[in-house]
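# Structural data only, the sequence is not supplied:
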């Protein structure tokens, strides 16, 4: 399965918006394939230190689920850098999709810093 940066951003936004713990679990009408993509990306984000979360299983379901407790500082920093849609669109126009996440993060932070300086007239 390939990493999808749009999915990464969506999960981080949802985790930030949640008032507390969220569960990455099957949704009504969601295909198994779409669900597995969400779980895969939640796992990647937890493994990379962007989210605090743990895997869990529910009796009667054969698929793994994730319980997300929130963003880490690294996750907040990345999300703050890609929140602005113009920065996100600019990044998406540059990225090929095969860059390491740390390179993507560095680019996002650089573009956000550049935009902040422009707003300040620096």
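Thanks, I have the structure now. None of the values given here were measured: they were computed from a predicted structure. Numbering: from 1, shown residues only.

# Domain ranges for the protein, per the record?
5-72, 77-120 (automatic domain parsing).

# Output the ones you listed as JSON lines; include the columns mean neighbour count and mean pLDDT.
Backbone N, C-alpha and C define where each C-beta goes, glycine included. Listed next are the domains of the chain as JSON lines, based on neighbours: other Cβ atoms under 10 Å; pLDDT from 0 to 100:
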{"stretch": "domain 5-72", "mean neighbour count": "15", "mean pLDDT": "87"}
{"stretch": "domain 77-120", "mean neighbour count": "14", "mean pLDDT": "89"}
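
# From what I see, residue 82 and residue 91 are in contact.
Yes: taking contacts as Cβ atoms under 8 Å, residue 82 lies within contact range of residue 91: 6.8 Å.

# overlap in contacts of those two?
Shared contacts of residue 82 and residue 91, defined by Cβ atoms under 8 Å, 6 or more residues apart in numbering, comprise residue 108.

# And the helices in the chain, which stretches?
Applying DSSP state H to the chain gives helices spanning 5-17, 32-47, 73-82, 85-94, 101-120.

# Minimum distance to residue 55: which of these has it?
helix 32-47 (7.1 Å; Cβ to Cβ).

# Just want the angle from the closest one to helix 101-120.
Calculated by axes from the mean of the first three to the mean of the last three Cα atoms, to 10 degrees, helix 32-47 forms an angle of 80 degrees with helix 101-120.

# Residues contacting helix 32-47, please?
By Cβ under 8 Å, 6+ apart, the surrounding residues in contact with helix 32-47 are 1, 3-4, 7-8, 11-12, 24, 26-27, 51-55, 63-66, 68, 75.

# Restricted to strands, list the residues you listed.
24, 51-55, 65-66, 68 (DSSP state E).

# Can you pull up the most central residue in the chain?
In the chain, the residue lying closest to the centroid (Cα atoms, centre = their mean) is residue 8, at 2.8 Å.

# and it, what does it touch?
With Cβ under 8 Å, 6+ apart, residue 8 has these contacts: 41, 44-45, 50.
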